[in-house]
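Participant: predicted structure and sequence below. I'll ask about it afterward.
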Amino acid sequence: MLRYLCYINKHNFCSTCCRSSWSKIHMCGKNNPNYGNRIKKEVRERKLLDTFIKEIETHYCKCGCNKKIKLKLSHKYYGIPDYIKTHENIGRKQSKEHIKKRIKHGKEHCLYGKTGKDSNGWKGGLTSECQLARNCIKYGEWRTQIFKRDNYTCQITNERSNSDIEAHHFKNFSVNKKERFNINNGVTLKKDVHTLFHKIYGKKNNTKEQYEEFKITIRNN
């Protein structure tokens, strides 16, 4: 059975319920040692911490870094930790047996290495070919090449941005498969400019002539 230690009068309790019922009687109102004490909570806690630091010896982290553990008031009641936070696993190495167990457990898992038709979440290939092409690495590389070439600047408004820009295809992406990743088939535009272009001209059968026409109208206005 867990035993809970109360720091006042060193009482032991069999459970939290037992402790709370005792504290309601002996720690409320005038029975509370801080009753009538108008000192601020921060000042009172600082004084308690100072006395606690004087009573306790300096504790060092057991990971071997030889750094002192910064004492807190909570350590008085719940104990001083052996390690500094995030130092628990420093210097520890997993055994070969443990690594083998982890690999075995992963392979036995129902979804390990199962992709496409072998996956439990397979729904007959709902994702379109166009969407798969947009999600591939080649598309991301093409887009970054366009941004670097145009110096992350919209080619219509001449505004530079690292986040509010998109790569526009002169010949639309879905139909012209050969021109999808051609650098000469793209240009950097701001997001709002890009959406305005496709509102006017749509998302099918786009051409470079449409872009040039759109560029002139925007700059004249």
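Facilitator: Here it is on my side, so go on.

Participant: okay, residue 17 and residue 184: tell me how far apart.
Facilitator: Distance of residue 17 to residue 184, computed by CB to CB, to the nearest Å: 76 Å. Every residue, glycine included, has its C-beta placed from N, CA and C.

Participant: which secondary structure state does the residue positioned nearest the centre of the chain sit in?
Facilitator: The centre of the chain sits closest to residue 86, judged by CA atoms, centre = their mean, with a distance of 17.3 Å. For residue 86, the assignment made with DSSP: H, G, I helix; E, B strand; the rest coil gives coil.

Participant: so which elements touch the longest helix along the chain?
Facilitator: When the chain is parsed with DSSP state H, its longest helix is helix 41-55. Applying 3 or more CB pairs under 8 Å, 6 or more residues apart in numbering; DSSP states H and E, one finds that helix 41-55 contacts helix 74-78.

Participant: need the CA coordinates for whichever helix or strand comes after the helix it packs on. CSV is fine.
Facilitator: Moving toward the C-terminus from helix 74-78, the next helix or strand (DSSP states H and E) is helix 96-108. C-alpha atoms of helix 96-108 as CSV (Å, rounded to 0.1, in the frame of the first residue of the first chain):
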residue,chain,number,x,y,z
LYS,A,96,21.8,-5.6,-29.1
GLU,A,97,19.1,-7.9,-27.6
HIS,A,98,16.8,-4.9,-26.9
ILE,A,99,17.3,-3.6,-30.5
LYS,A,100,16.4,-7.0,-31.9
LYS,A,101,13.3,-7.1,-29.7
ARG,A,102,12.2,-3.7,-31.0
ILE,A,103,12.7,-4.7,-34.7
LYS,A,104,10.8,-8.0,-34.1
HIS,A,105,7.9,-6.1,-32.4
GLY,A,106,7.8,-3.7,-35.3
LYS,A,107,7.6,-6.5,-37.9
GLU,A,108,4.9,-8.2,-36.0
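
Participant: quick one: distance of whatever helix or strand comes next after helix 96-108 to the chain centre.
Facilitator: Going down the chain from helix 96-108, the next helix or strand is helix 129-134, by DSSP H and E. When C-alpha coordinates are averaged (CA atoms, centre = their mean, to the nearest Å), helix 129-134 and its chain have centres 27 Å apart.

Participant: now stretch 62-75
Facilitator: For stretch 62-75, the distance to the chain centre is 27 Å (CA atoms, centre = their mean).

Participant: repeat for stretch 15-31
Facilitator: The chain centre lies 42 Å from the centre of stretch 15-31; the measure is CA atoms, centre = their mean.

Participant: list the buried residues for that stretch?
Facilitator: 19, 23 (16 or more other CB atoms under 10 Å).

Participant: contacts for stretch 182-196, please.
Facilitator: Stretch 182-196 is touched from outside by 142-143, 145-147, 149-150, 152-157, 159, 161, 164-171, 176, 179, 197, 211, 218, with contacts defined as CB atoms under 8 Å, 6 or more residues apart in numbering.

Participant: need the buried ones from those residues selected in PyMOL.
Facilitator: A single PyMOL command selects the buried members of the contacts of stretch 182-196 (16+ other CB under 10 Å):
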select buried, resi 142+143+146+147+150+152+153+154+155+156+165+166+167+168+169+170+171+197+211
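
Participant: so the spatially most distant residue from the centre of the chain, which of the three states?
Facilitator: In the chain, counting by CA atoms, centre = their mean, residue 30 sits farthest out from the average C-alpha position, at 48.2 Å. The three-state label given to residue 30 by three-state DSSP is helix.
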